[in-house]
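In: Build me a structure from this.
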Amino acid sequence: MRINLVLFLLFSLFIFSNSEAIGQEKEPVKWNYSVKKISDKEAILIFEAKIDPRWHLYSQYFPDGGPVRMSFNFRNSNDYKRVGKIIESPAPKVERDEVFEMDVQYFEGKATLSQKIQVLSEKDFIIDGEFEYQVCFEDKCVLFNPEFEFKITGNKKT
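Out: Just a heads-up that it's a prediction; the model follows:
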């Protein structure tokens, strides 16, 4: 009886510690967020992606009809204004995707996405929101929708 209980507990521990094997997806992209101050009135929001080997992170900029493009949703605020569009670096790879019958743009290894902002508030504030992206590996694709947050130093008048 005692051996059965020990085996049951060990088996349970194995199952719960290996939940990825049971259906939970491991996120193949690790994100870091940072802010680069340009001046009191301007900053750059930086999204850095470290992509697991063999996975593709799709760009924001290719035509409809293909895989899910990366997209960003910034919460509205009077504290800042976005300047221009999000810049991707390095330039994404472009490859013909036979499944979608089109050229798609994607990143491997790492990618940096930068959004310039104009700081309108004198007080410190937070820029937050969420974004959506798809990553694929061979014939497996996974969609993610994480939230982001940046702490911004206000444009204090001296």
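In: Nearest residue to residue 112 in space, please, no chain neighbours.
Out: Of all residues not flanking residue 112 in the chain, residue 89 sits nearest, at 4.7 Å (Cβ to Cβ, 6 or more residues apart in numbering). (Glycine included, C-beta is placed from N, CA and C.)
In: hang on, the one you found packs against residue 114?
Out: Yes - with contact defined as Cβ atoms under 8 Å, residue 89 reaches residue 114; the gap is 7.0 Å.
In: Pick out the residue closest to the middle of the chain.
Out: Residue closest to the average C-alpha location in the chain (Cα atoms, centre = their mean): residue 31, at 5.7 Å.
In: who are the neighbours in contact with that one?
Out: Each residue near residue 31 by Cβ atoms under 8 Å, 6 or more residues apart in numbering is listed here: 47-50, 146, 148.
In: The same query, at a cut-off of 7 Å, please.
Out: 47-49, 146 (Cβ atoms under 7 Å, 6 or more residues apart in numbering).
In: Okay, and the beta partners of it?
Out: residue 49 (DSSP bridges).
In: quick one: contacts for residue 37?
Out: Residues in contact with residue 37 (Cβ under 7 Å, 6+ apart) are 43, 153.
In: what about dumping the CA coordinates of the one helix or strand it maps to to PDB?
Out: Take DSSP states H and E as the rule and residue 37 turns out to sit in strand 29-39. Extracted C-alpha coordinates of strand 29-39, given in PDB (Å, rounded to 0.1, in the frame of the first residue of the first chain):
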ATOM      1  CA  VAL A  29       9.900  34.300 -27.800                       C
ATOM      2  CA  LYS A  30      11.300  36.100 -24.800                       C
ATOM      3  CA  TRP A  31      10.500  39.800 -24.700                       C
ATOM      4  CA  ASN A  32      12.400  42.600 -22.900                       C
ATOM      5  CA  TYR A  33      11.000  46.200 -22.800                       C
ATOM      6  CA  SER A  34      13.100  49.300 -22.300                       C
ATOM      7  CA  VAL A  35      12.900  53.000 -22.800                       C
ATOM      8  CA  LYS A  36      15.600  55.100 -24.400                       C
ATOM      9  CA  LYS A  37      15.300  58.800 -23.600                       C
ATOM     10  CA  ILE A  38      16.300  61.100 -26.500                       C
ATOM     11  CA  SER A  39      15.400  64.400 -24.800                       C
END
